[in-house]
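K.L.:
Here is a sequence with its predicted model. Questions after.
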Amino acid sequence: MEWNGPAYSPILNALFVPSIDWASTVKLGEPETLLNATPGKIFVGSANGFGDLDPVEKSSGWITAINAESGKVLWKYHAPKSMIAAVTPTAGGLLFTGDLDGNLLVFDAATGKVLLKKKVGGPIGEVS
């Protein structure tokens, strides 16, 4: 997950989670690097910080609907790019979000069926 966290639908008792599927290779630091930590500064203990990201072209995204009580995955939507826009479930059973290809997406929140995919003129969210 990134900036926008999951959203909850009390009607469906479901969480809707937008996510990024983008690998990073982290190299272990030598034990002596643990002594280089400076209070107040970010320290991850690796030899390459937060890692070396795969090219953005290899990334994709997901919307995952999860039963909030059991943790069972109800449905998944796979997107060709990272899903970083907020998700908004409604009392009417819809789920609204957008993608980096500039589409407004409207789902049937119970089934994951895409009800509308409409170009809006620019990406919804941004990856740098």
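P.N.:
Yep, it's here.

K.L.:
The lowest-mean-pLDDT helix or strand in the chain pairs with which strands?
P.N.:
The helix or strand of the chain with the poorest confidence is strand 52-53; it has a mean of 80 (mean pLDDT, DSSP states H and E). Its sheet considered, strand 52-53 pairs with strand 24-25 (antiparallel) by DSSP bridges.

K.L.:
what's the partner strand in contact with?
P.N.:
48, 50, 51, 52, 53, 54 (Cβ atoms under 8 Å, 6 or more residues apart in numbering). From N, CA and C alone the C-beta is placed, and that goes for glycine too.

K.L.:
Please name the nearest non-neighbouring residue to the fifth one.
P.N.:
So the one you mean is residue 53. Using Cβ to Cβ, 6 or more residues apart in numbering and skipping residues adjacent in sequence, the residue nearest residue 53 is residue 24, 5.0 Å away.

K.L.:
For that neighbour, give its distance to residue 86.
P.N.:
Noted for residue 24: a distance of 23 Å to residue 86, by Cβ to Cβ, to the nearest Å.

K.L.:
Thanks a lot, catch you later.
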